[in-house]
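K.L.:
Coordinates for the following, if possible.
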Amino acid sequence: MIRLLNNNMVNRKREGSTLVSVVIGVLFLAAIGIIVLTAANAYMISVNVDYNSSNNFYEAEQILEEVKTGLLEYAGDASEEAYKYILEHYGKDKNSKREAFSKKYLSLLADKLQPDMSGSFVWDDSKIGSAQDGDIQKLKALSPVPDAVTTVKGTNLAFVIKKDAKTGEYSLVIRNTLIDFTNEIDYRSTIQTDICLTVPDHSLEGNSTFDEMKDYISISDDTLGVNNGLSGIGITGKIYGGNTEQGILLGQKSKVDFKSPLIISRGDMEIHNGAEVSVTGETGVGDLYLKNIHLTAGGSTDSTLKTMLNLNENAYIANDLNIETNNSTVTVGGKYYGYSYNEKNESGASAVVNSDYSSAILINGKNTTLQTDSLHSLILAGRAFVSRQKQQGVSGPKPVSDIRMGESIAVKSNQLAYLVPDEFIVTASGNSDDCHNPVFKDEMDEVHVDEAGLKNKFGQYLNAATPYEANYNNTLGYVFYYLKFKDDISANKYFEAYYDGTETDEDGNTIINQEELKKRAKVYISDKDLNIKFDQMLYLVAGNVMNNYYNAGGAPLQKATYFGDNQQPELRLLEEGQRIGQKYVGYQLGLTPSKNTTGVMRLSPTAPRLVSETIVNFQDPDFKSKVTEAETVKTEADTGVSGAVLRICKGDYTVSSAMKGLLVADGDVTVSADFTGLILATGKVNVAGAVKMQSDMVTVGKLFDYIRTDEALSPLFRDLNGTLKKRPGDLAECIGYQNWVKNSY
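P.N.:
Numbering: from 1, shown residues only. As a prediction, the model looks like this:
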């Protein structure tokens, strides 16, 4: 009995223990559940708070962006007014234009921030860098939630005009701005920042071409041509000719007097037989940028005509002054700078030598007079070449290189000095008797050049691999053999030695080379000319310059001075030529050197044409939809410009009666009556008859201002308005933030 009782007691104790374990387990699970539920609730609350806070911040940021948009409107208005101010007051002051625009632009913005906007803000250099009082109400007015736009606690709105010590650029910083916004569910967010406004770069640069155009009388994508039969015309103003071969063409028997501060041609100034041309500045010596100056017959067979060129300009010529016409008188005054040594003005043996990129003066016409007594300075970086012809019947292109000479100023007859001497033209047996240079067509199989003998006598000057080169005259059927030099210096030294040396003719007579050159040159150099000589202080050339053929005294030969002691062109001279070439490219692209952004010396063949691809666009859909007639004419009654006419033609046009104003033509323009103003043509400008042409900066400038405001006409001009068209995408880059702090309150 006792045992049975004890067993029951043990079982009861076990049952109680199990109950306690269950209770403890349930309580543990409940605790875990409470923890999980509490965490979940806290997470949901946190997510909800963060969402609303983030959403509120985006609302605050949107308010700030709306303030920025309002400032953009201010910036657009300020840009327009500042630009007009510059056109009216600083048209001639190129150096201070950027600074003047910056000051005017920022002054107008500062005035928008003052307690009243009455134009009362006055620029004061002494206050640059110092805080000036602003009016927070001006920023509040830019936002649909004005109460959210305020200032940092304890401060007032202020602005500071700054000037960068390195770049000289100005900016305006609006300080102490605070966006403090609480939304409808009572969430608050703040943005504290300074707003920085810089001056847009494109405000002036985008209009630089249009600013320059006002001083021009003619700008064309093709040739400016004059054909007036010596009746005489006068052209005053800047000129641009866009044809890459003949930018300016002065026809046979034409007579023209240029008074031009600047003449730019993508190609040559070509002067035909019998023309009389004078080129000077409008009030002094002007500037002339050309590829070549070429006096040529122009198809005329009249050998009695006299051609005259009076050049009193600072002439910057990429290649040559080439006088081919007979009976020519060329007077060179001012500064003549033939700046091309080679294509890129590079030094070293690897630099490519090419006649197209080597500046020289060439006298190829008979009875030429070259007057230089008014010359201020002469620099010729290159040398003369003999044009090399392709052999008839031989396939492939013309030989790459022309034949190098040792002079920078050369008379055609001087080619004699560079011929392979007759003694080195030999038969198969080595006999030179009765052999001569040139070799006629029927002799070419029988004779050859004694290369070994040639190297033995002239080896110090000649190219070791190919000491001579052939030049074929396919018309007359013979070939000249010329010496081929190893470099420029060798060509110079050879010519100097030849000039001072002697030769022996086939009869054994001694020939003094200098006398022979003089005799032959008299065919080309007029005996009236006493001025083909250059003061040592005035000239700097790459090759030897011959003295006056008729001057008994003085140095017989003037030495080259373009090269330094290392027999290479001096670096400063090459770099100066590079700078001039770069300016020339800039002028061709947009009438101003700054348009050359790549720094190249040569204009690309694919460069856009100035008028039709840079200035005007007759294909603009806005213009075509609003102006459908073939010709648009606006008179003084429309434009308010006294006595002026604005004429836009979708084709050719002839000026048949006197006209003052702006003529824009998508085609050729013929001028047969007096014209004052500016001609813009996508084709040629042809001048015929005894007329006068005169630029008019004021009239053209006012007509451009009228076009800017004309909804139909303004689309015709590419970027005419620059920032005058409110383009927030452009100006927005000039507005940014500094010292940005989020939710610090």
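K.L.:
residue contacts, Asp356?
P.N.:
The neighbours of Asp356, taking C-beta atoms under 8 Å, 6 or more residues apart in numbering as the test, are Asn319, Glu343. No exception for glycine: its C-beta is placed from N, CA and C like everyone else's.
K.L.:
can you confirm it is in a helix?
P.N.:
Yes. Asp356 forms part of a helix when assessed by DSSP: H, G, I helix; E, B strand; the rest coil.
K.L.:
Tell me how far it lies from Gln558.
P.N.:
26 Å (C-beta to C-beta, to the nearest Å).
K.L.:
for Asn364, same thing?
P.N.:
For Asn364 relative to Gln558 (C-beta to C-beta), the value is 21 Å.
K.L.:
Same question for Thr628.
P.N.:
66 Å.
K.L.:
higher neighbour count, the two?
P.N.:
The residue with more neighbours, out of Thr628 and Gln558, is Gln558; 18 against 10, by other C-beta atoms under 10 Å.
K.L.:
excluding its backbone neighbours, what's nearest the more buried one?
P.N.:
In space, and not counting its chain neighbours, Gln558 is closest to Val545: 4.5 Å by C-beta to C-beta, 6 or more residues apart in numbering.
K.L.:
Give the helix, strand or coil label for the one you found.
P.N.:
strand.
K.L.:
Neighbours of it, how many?
P.N.:
Val545, neighbours per other C-beta under 10 Å, totals 21.
K.L.:
Quick check: it touching Ile409?
P.N.:
Yes. Look at Val545 against Ile409 with C-beta atoms under 8 Å: they come within range, at 5.1 Å.
K.L.:
In contact with the closest residue to Ile136 other than its chain neighbours, which residues?
P.N.:
Spatial nearest neighbour of Ile136, excluding adjacent residues (C-beta to C-beta, 6+ apart): Leu157 at 4.3 Å. By C-beta under 8 Å, 6+ apart, Leu157 lies in contact with Leu113, Asp133, Gly134, Asp135, Ile136, Lys138, Leu139, Thr151, Ile174, Arg175, Asn176, Thr177.
K.L.:
For the fourth one, give me the pLDDT.
P.N.:
Asp135 is assigned a pLDDT of 92 by the prediction.
K.L.:
OK, contacts around it?
P.N.:
Asp135 neighbours (C-beta under 8 Å, 6+ apart): Leu113, Gln114, Pro115, Leu157.
K.L.:
how close does the last one sit to Ser401?
P.N.:
Per C-beta to C-beta, Leu157 is found 72 Å from Ser401.
K.L.:
Going by residue numbers, what spans are helices in the stretch 201-350 of the chain?
P.N.:
Per DSSP state H, counting those that start in this stretch, the stretch 201-350 of the chain carries helices over the ranges 202-205, 208-213.
K.L.:
So the nearest residue to Leu419 once chain neighbours are set aside: helix, strand or coil?
P.N.:
Once flanking residues are discounted, Leu419 sits nearest to Asn437: 5.2 Å by C-beta to C-beta, 6+ apart. At Asn437 the chain is in coil, as set by three-state DSSP.
K.L.:
when you give positions from now on, start the count at 45
P.N.:
Sure, I'll start numbering at 45, so the last one becomes Asn481.
K.L.:
Tell me how many other residues crowd Asn481.
P.N.:
Asn481 has 19 nearby residues by other C-beta under 10 Å.
K.L.:
Kindly give the local confidence score, pLDDT, for it.
P.N.:
With respect to pLDDT, Asn481 has a value of 90.
K.L.:
and what of Asn92?
P.N.:
46.
K.L.:
Which parts of this protein are helices?
P.N.:
46-133, 141-157, 180-184, 246-249, 252-257, 495-502, 532-543, 557-565, 615-634, 654, 665-670, 680-683, 741-753, 772-775 (DSSP state H).
K.L.:
mean pLDDT lowest for which of those helices?
P.N.:
For these, where the average pLDDT is lowest is helix 246-249, sitting at a mean of 45.
K.L.:
how near is Asp224 to Leu186?
P.N.:
Noted for Asp224: a distance of 16 Å to Leu186, by C-beta to C-beta.
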